[in-house]
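J.: Quick check, what structure comes out for this input:
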Amino acid sequence: MQQQRQQTARRGASGARRFPKRNVGIALAVTATAAVLVSAPSASAGTGPSYRGSVVTDVRTVAKFDFAAGEIPENITVDPDGSVTLSLLGSCAVCERTHGPELMRISASGQRTVLATGQVGEAISGNTRGSDGTVYYSVWAPGNAARNGVYKLLADGAPQRIAALPADAGPNGLAVDPAGRTLYIADSLKGIIWSVPAAGGPATPWLTDAALAPVPTEALPIGANGLRFHNGALWISNFNKGTLLRVAVTGTGTAGPIHLVTGGLPNIDDLSFLTPRSDVVFAAQNGSSSDNGPDRVVV
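T.: Residues are numbered from 1 along each chain as shown. The predicted structure is shown next:
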């Protein structure tokens, strides 16, 4: 993609979704935002941004969503043709979990195409696109081992689960390596990054660490959330701990040390980069999902 069409930070918050899990309500709250980037701030990791002017401009609305109807954007992938693929959570508190989630493509002109649907009570959370054009997505189906996991769309558009995750796992952000061989899944409940062969197979814990875990005392106990593969490393946000982490992928495919890029970002959700080579990060803080932080996009 050209720099002026790069995907920006997404998933600030436009609403909350409740998931029953052993009588415990777990919510995901999200938004998706796309804009045209015109300049970048001068900032050092951990010091906070120092703005030189407008970071985004020429923002226009391509599509509007009906929260009460379950149209709650969760994750976004920009496609080479300028369209975007969106995960829509479906059910929400105000609509009493009566709507199933959807995976939707929206063209640059705003035309919508539903690619896949889920069942009421579960979420389509992360989505990503392989270098060969294959669309992958996560289904968070609390307590349902037969549905929880990672899916892809086959050539005929039919969905296929390619990896199962435990019933108590919380699959959220999804990323694929540049070679298109390995998928990585952020588990928001268990403090794990899972890896799965893109062709399908067992899910293996790739990285387990307290830095990825949720804070159990939070009203919304969500740890590892956003996930991006960038410049040979996985970049991971921790929603509860307000941290942005970078984990290098070694030559053998294992996880290197966890590097704290920055902290002090309560309710950090998804993230993206200015360009494929730039380490300038745009991150969404999901403030409207709790009283723990602002609702904004930061650089």
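J.: Any idea which helix or strand in this structure has the lowest mean pLDDT?
T.: When the helices and strands of the chain are compared on mean pLDDT, DSSP states H and E, strand 24-29 comes out lowest with a mean of 29.
J.: name the element Asn172 belongs to?
T.: Element membership for Asn172 (DSSP states H and E) is strand 171-176.
J.: Neighbours of Gln119, how many?
T.: A total of 13 residues lie near Gln119 under the criterion other C-beta atoms under 10 Å. Bear in mind the C-beta positions are built from the backbone N, C-alpha and C, glycine included.
J.: Give me the below-cutoff pLDDT ranges for the stretch 51-200 of the chain.
T.: Applying pLDDT under 70 to the stretch 51-200 of the chain flags the ranges 51-55, 92-97.
J.: And the strands in it?
T.: In the stretch 51-200 of the chain, the segments counted as strands under DSSP state E, counting those that start in this stretch are 56-57, 73-78, 84-88, 102-106, 112-117, 123-129, 135-140, 149-153, 159-164, 171-176, 182-187, 192-197.
J.: what would those look like in TSV with mean neighbour count and distance to Gly232?
T.: Listed next are the strands of the stretch 51-200 of the chain as TSV, based on neighbours: other C-beta atoms under 10 Å; distance: least, C-beta to C-beta, whole Å:
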stretch	mean neighbour count	distance to Gly232
strand 56-57	14	27
strand 73-78	24	20
strand 84-88	25	24
strand 102-106	20	28
strand 112-117	14	30
strand 123-129	25	17
strand 135-140	26	20
strand 149-153	22	22
strand 159-164	17	23
strand 171-176	25	13
strand 182-187	27	13
strand 192-197	22	15
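J.: would you list those in JSON lines and tack on distance to Val247?
T.: Converted to JSON lines, these look like this (distance: least, C-beta to C-beta, whole Å):
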{"stretch": "strand 56-57", "distance to Val247": "28"}
{"stretch": "strand 73-78", "distance to Val247": "20"}
{"stretch": "strand 84-88", "distance to Val247": "23"}
{"stretch": "strand 102-106", "distance to Val247": "27"}
{"stretch": "strand 112-117", "distance to Val247": "29"}
{"stretch": "strand 123-129", "distance to Val247": "17"}
{"stretch": "strand 135-140", "distance to Val247": "19"}
{"stretch": "strand 149-153", "distance to Val247": "19"}
{"stretch": "strand 159-164", "distance to Val247": "20"}
{"stretch": "strand 171-176", "distance to Val247": "11"}
{"stretch": "strand 182-187", "distance to Val247": "10"}
{"stretch": "strand 192-197", "distance to Val247": "8"}
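J.: Find the nearest non-adjacent residue to the residue positioned nearest the centre of the chain, please.
T.: The residue lying closest to the centre of the chain (C-alpha atoms, centre = their mean) is Gly173, at 3.7 Å. Counting by C-beta to C-beta, 6 or more residues apart in numbering, Leu227 is the residue found nearest to Gly173 once chain neighbours are left out, at 3.2 Å.
J.: The one helix or strand that neighbour maps to pairs with which strands?
T.: Here Leu227, judged by DSSP H and E, is contained in strand 224-230. Strand 224-230 has the following strand partners under DSSP bridges: strand 233-238 (antiparallel).
J.: Which pLDDT does the model give the residue nearest to Gly173?
T.: On pLDDT, Leu227 comes in at 96.
J.: and it, how many neighbours?
T.: Applying other C-beta under 10 Å, we find 24 residues neighbouring Leu227.
J.: gap between it and Ser272?
T.: Counting by C-beta to C-beta, to the nearest Å, the gap between Leu227 and Ser272 amounts to 11 Å.
J.: Can you give me the buried ones in stretch 243-250?
T.: Of all the residues in stretch 243-250, those buried under the rule 16 or more other C-beta atoms under 10 Å are 243-247, 249.
J.: Just give me the closest of those to Ser87.
T.: Nearest to Ser87, judged by C-beta to C-beta, of the buried residues of stretch 243-250 is Leu244 at 20.9 Å.
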